[in-house]
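Student: Structure for the following, please:
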Amino acid sequence: MLTGSWLLIETLGRAGTWSMIAAGTAPRAWKSIQRAVPSRLQPVIGAVYGSGAPIDQQLPQSRHAWSGRRLLAVPVLGRDTRVHAVKLWVGDGEPPAQVGAAPFTIDARTRRVDTLPAGLGPHFATEPISWLGAQSYETIERFDGALEFTATLARSSPDSRWLGVATVRSLAGPRSILLAARNGGTDATRTQWFGVAADVTESVAPQSKSFEAGTLDMLRERQPNLYLAIVDTAQVRLIRWVSEPVPGLRWSGADERTIPHPADRARILAAREEIRSGAQLATLTDIRLAAENGSWITADLEITPLPGGTPDAEVPEFALVQMEIRSSSPPATRIR
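Tutor: Purely as a prediction, here's the structure:
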């Protein structure tokens, strides 16, 4: 066992599936706790999971490397007091600073994310946060695994898991955040995901924007009326804004499919089928989008398929939508 460093043990699924996902601030990909934690110390993890309370004890004398040392086990508690992870430390004297860790849950059906970010440390918000849909990307600087994670959530096959690192913005600048999530093992629970986020910045340097993102930023500077978004091709739902959102767009985060004018939806679905059938570009003109003030924002759209998502998927699962805003009509008939 690695002594002197905090181990982060995720407890997101059944007891037999628990694993170590970080040693100190170094990510570990689902390392079995049978290999990471001595068998005589493993019951401590179960005890903390069951009680939701920390354990601080002196270990007995033995011939093992942990003989006579101090053990600390600290739960990472979710909103409902469920234990999402256990921080485990064995060593002498006082432990180093704990690894910042925060619980989160995802409802894959409604795309609602709930988290308690305070556990990540002083650089993050202290109050509970809830996001809907694309709102969960508001603090993301770079997340190369975003589409793969989104596709995993969309499928929500029973007993699935996902792990990756995202660069997020904090009060102290970009931070590297390890994300681990698991869902339920039945049809009734498969869309409910439990996760834990850990600050691994000391071991994984935050990533700057990709070359592609930088190029899109330059494009936006030259064309200020151009806005960029990623949508899924299954239901044409907004996954995230690549640029800032279109100002004045009537968007609650719950269901973006109500934004287009009803008379334009058939054209949008036809363009989606073009992309899913192999087209590399689909264009739409004079698409009307619902505005907050009851009017319509008119835009021309260019849609291109995006790589990523499920490996070897038969059809593109995501598309980049470029929206060039043309005009905004005055409030008229009430939008229904």
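Student: where along the stretch 51-200 of the chain do the helices fall?
Tutor: 146-155 (DSSP state H, counting those that start in this stretch).
Student: all strands for it, in order.
Tutor: Taking DSSP state E, counting those that start in this stretch, the strands of the stretch 51-200 of the chain run over residues 55-58, 70-77, 83-91, 101-107, 112-115, 129-132, 140-142, 161-170, 173-183, 192-199.
Student: could you dump those strands to TSV with mean neighbour count and distance to Arg276?
Tutor: Every residue, glycine included, has its C-beta placed from N, CA and C. Formatted as TSV, those follow (neighbours: other Cβ atoms under 10 Å; distance: least, Cβ to Cβ, whole Å):
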stretch	mean neighbour count	distance to Arg276
strand 55-58	12	53
strand 70-77	20	40
strand 83-91	25	36
strand 101-107	22	25
strand 112-115	19	27
strand 129-132	16	26
strand 140-142	17	26
strand 161-170	20	24
strand 173-183	22	26
strand 192-199	24	26
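Student: I'd like to know which of those strands lies nearest to Ala279.
Tutor: Closest to Ala279 of the strands of the stretch 51-200 of the chain is strand 140-142 (Cβ to Cβ; 28.4 Å).
Student: who touches Glu202 in this structure?
Tutor: Neighbouring residues of Glu202 by Cβ atoms under 8 Å, 6 or more residues apart in numbering: 24-25.
Student: Can you say which helix or strand has it in it?
Tutor: Counting by DSSP states H and E, no helix or strand carries Glu202.
Student: quick one: it from Ala36, how far?
Tutor: Plainly put, Glu202 is 20 Å away from Ala36 if you go by Cβ to Cβ, to the nearest Å.
Student: where does Ala29 land on pLDDT?
Tutor: At Ala29, the pLDDT value in this model is 96.
Student: In TSV, list the strands of the stretch 51-200 of the chain along with distance to Trp296 and mean pLDDT.
Tutor: Shown next, in TSV, are these (distance: least, Cβ to Cβ, whole Å; pLDDT from 0 to 100):
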stretch	distance to Trp296	mean pLDDT
strand 55-58	60	97
strand 70-77	46	98
strand 83-91	44	98
strand 101-107	31	98
strand 112-115	28	97
strand 129-132	23	95
strand 140-142	30	92
strand 161-170	33	97
strand 173-183	38	98
strand 192-199	36	98
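Student: okay if I get these as TSV plus distance to Met20?
Tutor: Shown next, in TSV, are the strands of the stretch 51-200 of the chain (distance: least, Cβ to Cβ, whole Å):
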stretch	distance to Met20
strand 55-58	17
strand 70-77	13
strand 83-91	9
strand 101-107	13
strand 112-115	22
strand 129-132	27
strand 140-142	25
strand 161-170	12
strand 173-183	10
strand 192-199	11
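Student: what sits against the residue lying closest to Trp296 once chain neighbours are set aside?
Tutor: Of all residues not flanking Trp296 in the chain, Arg288 sits nearest, at 4.1 Å (Cβ to Cβ, 6 or more residues apart in numbering). Counting by Cβ under 8 Å, 6+ apart, Arg288 makes contact with 260-261, 263-264, 296-298, 329.
Student: Now the element after the helix or strand bottoming out on mean pLDDT in the chain, going C-ward?
Tutor: Lowest mean confidence among the helices and strands of the chain (mean pLDDT, DSSP states H and E): helix 211-222, at a mean of 66. Sequence order places strand 226-232 as the next helix or strand after helix 211-222, per DSSP H and E.
Student: Report the separation between the nearest residue to Leu171 once chain neighbours are set aside and Pro38.
Tutor: With sequence-adjacent residues excluded and distances taken as Cβ to Cβ, 6+ apart, Leu171 is closest to His123, at 4.8 Å. Going from His123 to Pro38 by Cβ to Cβ gives 34 Å.
Student: Of all the strands of the stretch 51-200 of the chain, which one is nearest Ala151?
Tutor: Of these, nearest to Ala151 by Cβ to Cβ is strand 161-170, at 9.7 Å.
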